[in-house]
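Q: sequence first, predicted coordinates after that:
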Amino acid sequence: MLPNKNSYREVLVLAWPVILSNLSVPLLGAVDTAVIGHLPDAANLGAVAIGAMIFSFLYWGFGFLRMGTTGFVSQASGAGDYSEVRSILVRAFSLGTGIAVLILVLQMPVLELALYLVESSPAVEAGASDYFYIRVWGAPAALTNYCLLGVFIGIGKTQLALATQIFMNSLNIVLDLVFVLGFDMGVSGVALATTISEYMAVGLGLLLVLGFLRKQSGGWNRSEIFNLQKFYGLMSVNRDIFIRTVLLIFAFAYFTVTAAEIGEDALAAVAVAMNFMHFLSFGLDGFAHAAESMVGNAIGARKEDRLKEVIASTSVLALLVSVGYSVVYWLFGEGIVDLLTNIESVRVVAYDYLPWLIAMPLFAVWSYQLDGIFIGAMKTKEMRNGMILSFLAYFVSISLLSESFGADGMWASMIVFMIARAVTLVAYMPRVRISVTSV
């Protein structure tokens, strides 16, 4: 079924707040990089890169709290069952709190393991440790924010997600400038700014989601909230998404590790280039998140024609946006690099990465969009299996190509990874289409 104008309009209404809120995240990362990148020692930039990579495992690795919540909530919302939406929210919060406590208990061995796996200079390790031991105390807030974001997207109220994310990241940027430039706190100031902002965002997010639920039918049913069968279903889905997400994050982390083996300037240049990747991924995720909500609602309402229309409209718009990214990177890539760092040796290396960054959106768009479709359909086993195959293809590629071609081999392997993710999910697409009748 070809989508009509109303379908495109609906996608844009859902997607634009998510795109803006998501783009504020890499903007924050860019400000972190720019603030630290203008300090005289390149080791500070490397420390932030390593510290951020560690939290990619800790937080993004538990991204199932956002994705699983979105999938369950979107289908419950599509069926008009807001009592179940409330129950899902509490279950997700309970799981997130338990994980956060575990992170805090294990913080020392986690850091020691991370620094053991990533070879870097003593100065970089010292800075990464300072960053970690401050930011880790934001774990409860960070994971709660994932749950809240999942609910906002699942109920189709992406403007509430926008309000929360913009508030958190704007506050973070201000605190970055105050702590690093004003109080000369260096890497520790960046970590402290992030931690404070995460807790403030939880307060705002709770006010917004509870305000929305007060206007809906149903109520808080304790027996349903703690239904063991539904908890098992939540854990099963989250297990699959967890495996998928850990492999995804490990792929990007291994990319950073490979750059560190090449040299300190290469590592710093990757920290700069990753801001391009973050801008891309969070922008494309806007349409993927719209697909999550709309696909889940279509399946919850058991509307097969609606499902086909949603898949088509979200994918077409995502493709158009990916082309726009490539054009922007082609026209302004060097200028963006210059804004992120004034260290000349790092700039020179980062310029060499630009052709790969310009091509990346056209290859990456399909993997991001298909992720959104599969999350909305709650086809998490398929996502897990596809990611395992894709990661194996990536690991073999980067091991062989980086050794022979250096940095160019690294970036070629990332392209292979994006293509493999798309191909494996396309192979599973028939299972999404039959999910409407199997709900």
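A: Yes, it's here.
Q: so where do the helices sit in the stretch 51-200 of the chain?
A: Remark: helices assigned in the stretch 51-200 of the chain by DSSP state H, counting those that start in this stretch are 64-78, 82-105, 107-117, 122-135, 139-154, 158-176, 186-213.
Q: look up how far Y82 lies from the spatially most distant residue from the centre of the chain.
A: What lies farthest from the middle of the chain is S223; by C-alpha atoms, centre = their mean that is 32.9 Å. According to C-beta to C-beta, to the nearest Å, S223 and Y82 sit 16 Å apart. Heads up, the C-betas are built off the backbone N, CA and C, glycines and all.
Q: and what of E292?
A: 18 Å.
Q: and among the helices of the stretch 51-200 of the chain, the most buried is which?
A: Highest mean neighbour count among the helices of the stretch 51-200 of the chain (mean count of other C-beta atoms under 10 Å): helix 64-78, with a mean of 28.
Q: now it: average pLDDT?
A: Helix 64-78 carries an average pLDDT of 86.
Q: nearest spatial neighbour of the residue most central in space within the chain, skipping sequence neighbours?
A: Closest residue to the average C-alpha location of the chain: W60 at 6.3 Å, with C-alpha atoms, centre = their mean. Nearest residue to W60 in three dimensions, chain neighbours excluded: I249, at 4.9 Å (C-beta to C-beta, 6 or more residues apart in numbering).
Q: tell me the contacts of the closest residue to A126 other than its chain neighbours?
A: Excluding the flanking residues, the one nearest A126 by C-beta to C-beta, 6+ apart is A47, at 7.5 Å. Counting by C-beta atoms under 8 Å, 6 or more residues apart in numbering, A47 makes contact with 36, 123-128, 130-131, 187.
Q: just those now: which is nearest L234?
A: Ranked by distance to L234 (C-beta to C-beta), the contacts of A47 are led by Y131 at 32.1 Å.
Q: for the closest residue to the closest one other than its chain neighbours, give me the pLDDT.
A: The shortest distance from Y131 to any non-neighbouring residue, by C-beta to C-beta, 6+ apart, is to G51 (3.4 Å). G51 is assigned a predicted lDDT (pLDDT) of 76.
Q: still on that earlier bit, what's the closest of the contacts of A47 to Y351?
A: Of all these, I36 has the smallest distance to Y351: 19.9 Å, by C-beta to C-beta.
Q: need the three-state assignment for the closest one.
A: The three-state label given to I36 by DSSP: H, G, I helix; E, B strand; the rest coil is helix.
Q: what's the neighbour count on it?
A: If you count neighbours by other C-beta atoms under 10 Å, I36 ends up with 27.
Q: that one: what's it in contact with?
A: Counting by C-beta under 8 Å, 6+ apart, I36 has contacts 44-45, 47-48, 180, 186-187, 190.
Q: let's test this: mean pLDDT of stretch 135-142, rounded?
A: Across stretch 135-142, the average pLDDT comes to 89.
Q: show residues contacting that stretch.
A: With contacts defined as C-beta under 8 Å, 6+ apart, stretch 135-142 is touched by 51, 55, 58-59, 96-97, 99-101, 103-104, 107, 191-192, 194-195, 198-199, 201-202.
Q: quick revisit: now render the contacts of I36 as TSV, adding pLDDT and distance to A271.
A: Below are these laid out as TSV (pLDDT from 0 to 100; distance: C-beta to C-beta, whole Å):
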residue	pLDDT	distance to A271
N44	70	10
L45	73	6
A47	75	10
V48	73	7
V180	78	16
G186	77	16
V187	80	13
V190	82	13
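Q: closest to F405 among these?
A: Lowest distance from F405 to the contacts of I36 (C-beta to C-beta) belongs to L45, with 24.7 Å.
Q: remind me which helix or strand the closest residue to that closest one other than its chain neighbours belongs to.
A: Nearest non-adjacent residue to L45, counting by C-beta to C-beta, 6+ apart: A268, 4.8 Å away. Per DSSP states H and E: A268 is located in helix 264-300.
Q: could you give the separation of that helix from the chain centroid?
A: Put simply, helix 264-300 sits 6 Å off its chain's centre (C-alpha atoms, centre = their mean, to the nearest Å).
Q: ok, stretch 76-85 next?
A: Centre-to-centre, stretch 76-85 and its host chain are 25 Å apart (C-alpha atoms, centre = their mean).
Q: over to stretch 51-61?
A: How far stretch 51-61 lies from its chain's middle: 10 Å, per C-alpha atoms, centre = their mean.
Q: and for the residue nearest to W60, the neighbour number?
A: Neighbour number of I249 under other C-beta under 10 Å is 19.
Q: what do you get for the one 4 residues further on?
A: Each residue near A253 was counted by other C-beta under 10 Å, and the total is 21.
Q: leaving out chain neighbours, which residue sits closest to it?
A: Leaving aside its sequence neighbours, A253 sits nearest to M53 (C-beta to C-beta, 6+ apart; 5.1 Å).
Q: the one you found and G376, how far apart?
A: From M53 over to G376 the distance is 29 Å, taken as C-beta to C-beta.
Q: more neighbours: the two, which one.
A: Comparing M53 with G376 by other C-beta under 10 Å, the one with more neighbours is G376, at 35 against 22.
Q: picking that back up, quick one, the helix holding A268 and helix 158-176 angle?
A: Per axes from the mean of the first three to the mean of the last three C-alpha atoms, to 10 degrees, the angle that helix 264-300 makes with helix 158-176 is 160 degrees.
Q: other SSEs contacting the following helix or strand past helix 264-300?
A: Downstream of helix 264-300, the next assigned helix or strand under DSSP H and E is helix 304-340. Applying 3 or more C-beta pairs under 8 Å, 6 or more residues apart in numbering; DSSP states H and E, one finds that helix 304-340 contacts helix 5-37, helix 264-300, helix 344-376, helix 429-433, helix 435-438.
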